[in-house]
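Colleague: Sequence and predicted structure below; questions after.
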Amino acid sequence: MDIKILGTGCPNCKVLERTTREVVEEMGLQAQITKEEDIMKIMEYGVMRTPALVVDNKVVLSGRVPSRNEVKKLLTV
């Protein structure tokens, strides 16, 4: 599984990254997690509001910080 956290480094982006890493570890998932802060690369995903969560090159969430349970659901779809 390839997971990207899109965001320029704002507090919400950091919360999403931390929560995602914790959930991946808790669930024992095999995933590569990267943080993308380059605004031009973020725009390539069509994301206008950050933070955003990309799973296997598909934007599954943008513009808000999800709950832990929501992250779990997004990663098991």
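Modeller: Everything's here; your move.
Colleague: mind checking how far P51 is from R18?
Modeller: P51 is 11 Å from R18, where distance means CB to CB, to the nearest Å. C-beta: built from backbone N, CA, C; applies to glycine.
Colleague: When these two are compared, which one has more neighbours?
Modeller: The neighbour count for P51 versus R18, taken as other CB atoms under 10 Å, is higher for P51 (27 against 11).
Colleague: contacting residues for the more buried one?
Modeller: Going by CB atoms under 8 Å, 6 or more residues apart in numbering, P51 touches 5-7, 10, 12-13, 15-17, 62-65.
Colleague: buried ones in the longest helix along the chain?
Modeller: If you go by DSSP state H, the chain has its longest helix at helix 11-27. Across helix 11-27, burial judged by 16 or more other CB atoms under 10 Å covers C13, L16, E17, T19, T20, V23, V24.
Colleague: from these, which single one is nearest K73?
Modeller: For K73, the nearest member of the buried residues of helix 11-27 is V23. The distance, counting by CB to CB, is 10.0 Å.
Colleague: just the helices in the protein please.
Modeller: Using DSSP H, helices in the chain cover 11-27, 39-44, 68-76.
Colleague: how about these, which one is nearest N57?
Modeller: It's helix 39-44; of these, that one is closest to N57 (CB to CB) at 10.6 Å.
Colleague: Same question for the closest one: list its buried residues.
Modeller: Under the neighbour-count criterion of 16+ other CB under 10 Å, helix 39-44 has I42 buried.
Colleague: Repeat that for stretch 64-71.
Modeller: Neighbour counts over stretch 64-71 (16+ other CB under 10 Å) mark V65, P66, E70, V71 as buried.
Colleague: you'd agree V23 is up against R68?
Modeller: Yes: using CB atoms under 8 Å, V23 is in contact with R68, at 6.1 Å.
Colleague: Distance of the residue lying closest to K14 once chain neighbours are set aside relative to T76?
Modeller: Excluding its sequence neighbours, the residue lying closest to K14 (CB to CB, 6 or more residues apart in numbering) is G7, at 7.9 Å. Remark: distance between G7 and T76 (CB to CB) = 23 Å.
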